[in-house]
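Undergrad: take this sequence and fold it.
(4 chains)
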Number of protein chains: 2
Amino acid sequence: MTADLVAVLVAVTDGTPKIMTIAGGSALPSGPFEFAHRSLQTALRAWVEAQTGHPLGYVEQLYTFADRGRSGNAKTPHSISISYLGLTREDRVGEGFEAHWTGWYDYFPWEDHRAGAPAFLAKMLAPKLKAWAKSAPSPALQRERWQRCSITFGLEDRDWNEELVLQRYELLYEAALIPEAGRENGRGASIVPGKPMTSDHRRILATGIARLRAKIKYRPVVFELLPAEFTLLQLQRSVEALAGRLVHKQNFRRLIEQQELVEETGAIAADTVGRPAKLFRFRHAVLAERAVIGTKLPLSRT
Amino acid sequence: MTADLVAVLVAVTDGTPKIMTIAGGSALPSGPFEFAHRSLQTALRAWVEAQTGHPLGYVEQLYTFADRGRSGNAKTPHSISISYLGLTREDRVGEGFEAHWTGWYDYFPWEDHRAGAPAFLAKMLAPKLKAWAKSAPSPALQRERWQRCSITFGLEDRDWNEELVLQRYELLYEAALIPEAGRENGRGASIVPGKPMTSDHRRILATGIARLRAKIKYRPVVFELLPAEFTLLQLQRSVEALAGRLVHKQNFRRLIEQQELVEETGAIAADTVGRPAKLFRFRHAVLAERAVIGTKLPLSRT
DNA sequence: CATCTTATGCTCAAGGAGAGTATAAATGGC
DNA sequence: GCCATTTATACTCTCCTTGAGCATAAGATG
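TA: Next up, the predicted model:
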């Protein structure tokens, strides 16, 4: 038996959340766990550093898989995959490595609601989901399926919940609307826009995105993705990029400031359009002051 | 290399949260993962069923450990432990099995604040933590340590946050105030009340408690621990038992009812003191209606 | 009947969240 | 210089939630 580490490494550049990929963007970076390390975390850090040439910021475990039929590869059934979420900045990655950065919405175009719900959602996805629901054996199951679809995707005037990334992915998988679903039996047409990935890497990515979208609401982890100094708008754009939805600017600033998450550097942002903005830095002291308790971002769903 | 499953199985009986233990209450049930199963979840369910003679309700993965020096046992360094949280009811467990149910506050007496903060907290724990803080090399570190103590334990008029179970455990471990901390170097005096456990099982239990305390606030998982029919007070007592703190009765009922989590059965509780209470049952429909979205319990910390 | 205990209905004030208005400070085109 | 455009920043207003308490109801027990 072997154990593999799979990493969801996230960075945000110019309002685009990106993840580190290998093999032309078709897989997440992964590698065998070496027992030489004291813990899984240190193993992951060492391994990422070797791959990318740069240290890792915030790290958090995601999930451990051991499903036999899961990998789609019958030759390696006795393997456990331990997945991690890691936050960095793109510019930190050294040159000459195999890794690339790919926008995460390339894999999940239905997860970006910043400009409203994507057009293809109502136009083509919803009908296909409806068809899938109709294909259930009993009327009760049909209603149940459709209810599930409209809740997870926010159809029929329901609110869209940005945290249900994994549920949406699994629904599409179950409805066989993504290539990963048809792999075992040879069918593999891409019914819905979005790049597929090897094995279940896209599911792991969905888990990571969901976790991060939940986390930014109560922990100051966004700052791991930002440069040392930033404007409040940059901060807001990063949050919006991760959450996949826009927030009210004034309320956002009110919340950030009343929580004393940031402090002015005294400098002013250069090279900008419009009125110049003050530069801020993260108040690292809050990590000690409030420890693990809570910080809030205006991303609740009503 | 091997993989082990470790289970935190929780039940609530008469307002006492209990966990399934083996070896006289000194360990959590655990066993090797058999690759015969399709997934970790099914392996865990099969295994728990074999041990306890009864099926398992809600199951959720907790954490995967692979720290070499972690187990304290040099003979089995190449092992991965995958821990799970499972919810049942005590009465469901069959007879003639090795397992026992032990109150979880036996292991974490400092986590029960239902009757106010436990007396030994201020009387003996706080001074010991203060001494530990003082033993830091520099004044800055001393302040930092003490700040951390008072935040995680809610000392000096701070609010107590019931979710910081793991942080409190780790702080006590770091300060060498629990037997587990001294095991490697032979010291092992029990400085603080509370039963220790083998290996890092108490840490895993802390992880499980923390997860459950967080979860009950936004998912209707409490009902997994209750009989099919219950009074609102029973429901409240169960929540309080898990959270380790009391809630305002009227507000609790307001929240439960306005969310339509339960419905009246029409029956009235028998054999009670005081005015008889209506019996309720969980509206399983909410699981479909709101899917994974949100349900709230009045357990926010102000 | 008085008292105890729990159930249950209702009110009130404070704080937070969502949304909008208004004004300030820069740029670039004319 | 004037104006449109873009972004920054300060306030305000209303609705909802939450914490807290008061009051009353309905049973048991002596």
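
Undergrad: okay, and the residue nearest the centre of chain A sits in which element?
TA: Chain A has residue A:209 as the residue nearest its centroid, 2.1 Å off, counting by C-alpha atoms, centre = their mean. Using DSSP states H and E, the element containing residue A:209 is helix A:201-215.

Undergrad: helices or strands up against that helix?
TA: Other helices and strands packing on helix A:201-215, by 3 or more C-beta pairs under 8 Å, 6 or more residues apart in numbering or on different chains; DSSP states H and E, are strand A:2-13, strand A:59-65, strand A:79-87, helix A:165-174, helix A:232-243. All C-beta atoms are positioned from the backbone trio N, CA, C, and that covers glycine.

Undergrad: what's near enough to touch the residue nearest to the residue nearest to the centre of chain A when sequence neighbours are not counted?
TA: Using C-beta to C-beta, 6 or more residues apart in numbering or on different chains and skipping residues adjacent in sequence, the residue nearest residue A:209 is residue A:165, 4.7 Å away. Residues counted as contacts of residue A:165 (C-beta atoms under 8 Å, 6 or more residues apart in numbering or on different chains) are A:108, A:111, A:206, A:207, A:209, A:210, A:213.

Undergrad: tell me which two of those sit farthest apart.
TA: With distance counted by C-beta to C-beta, no two of these lie farther apart than A:111 and A:207, which are 12.9 Å apart.

Undergrad: how deep is residue A:285 tucked in, by neighbour count?
TA: Using other C-beta atoms under 10 Å in any protein chain shown, residue A:285 is surrounded by 10 other residues.

Undergrad: report the separation between it and residue B:151.
TA: Separation of residue A:285 from residue B:151 (C-beta to C-beta, to the nearest Å): 13 Å.

Undergrad: check residue A:263 too.
TA: If you measure residue A:263 against residue B:151 using C-beta to C-beta, the figure is 21 Å.

Undergrad: now residue A:87
TA: According to C-beta to C-beta, residue A:87 stands 24 Å off from residue B:151.

Undergrad: what's the answer for residue A:100, then?
TA: 41 Å.

Undergrad: closest one to chain B out of the contacts of residue A:165, please.
TA: Closest approach between those and chain B, by C-beta to the nearest C-beta: residue A:210, at 10.2 Å.

Undergrad: how about the closest one, nearest residue that isn't a chain neighbour?
TA: Nearest-residue entry for residue A:210: residue A:165, 4.0 Å, with adjacent residues in sequence omitted and distances by C-beta to C-beta, 6+ apart.

Undergrad: so where's the stretch 151-300 of chain A shaky on pLDDT?
TA: Applying pLDDT under 70 to the stretch 151-300 of chain A flags the ranges A:183-190, A:290-300.

Undergrad: which stretches in it count as strands?
TA: Using DSSP state E, counting those that start in this stretch, the strands found in the stretch 151-300 of chain A span residues A:229-230, A:262-268, A:278-282.

Undergrad: return the angle between stretch directions for the longest one and helix A:232-243.
TA: What it means is strand A:262-268. What separates the directions of strand A:262-268 and helix A:232-243 is an angle of 130 degrees, with axes from the mean of the first three to the mean of the last three C-alpha atoms, to 10 degrees.

Undergrad: can you tell if strand A:262-268 touches DNA strand D?
TA: No: applying C-beta under 7 Å from any atom of the strand, one finds that strand A:262-268 is not in contact with DNA strand D, the shortest distance being 8.1 Å.

Undergrad: would you list the strands that that strand pairs with, along with their directions?
TA: strand A:278-282 (antiparallel) (DSSP bridges).

Undergrad: please say which of residue A:111 and residue A:207 ends up with more neighbours.
TA: More neighbours sit around residue A:111 than around the other of residue A:111 and residue A:207, counting by other C-beta under 10 Å; the figures are 24 against 20.

Undergrad: surely the more buried one meets residue A:117?
TA: No: counting by C-beta atoms under 8 Å, residue A:111 stays clear of residue A:117, with 10.7 Å between them.

Undergrad: off-centre distance for stretch A:120-131?
TA: Taking the mean C-alpha point of stretch A:120-131 and that of its whole chain, the gap between them comes to 23 Å (C-alpha atoms, centre = their mean, to the nearest Å).
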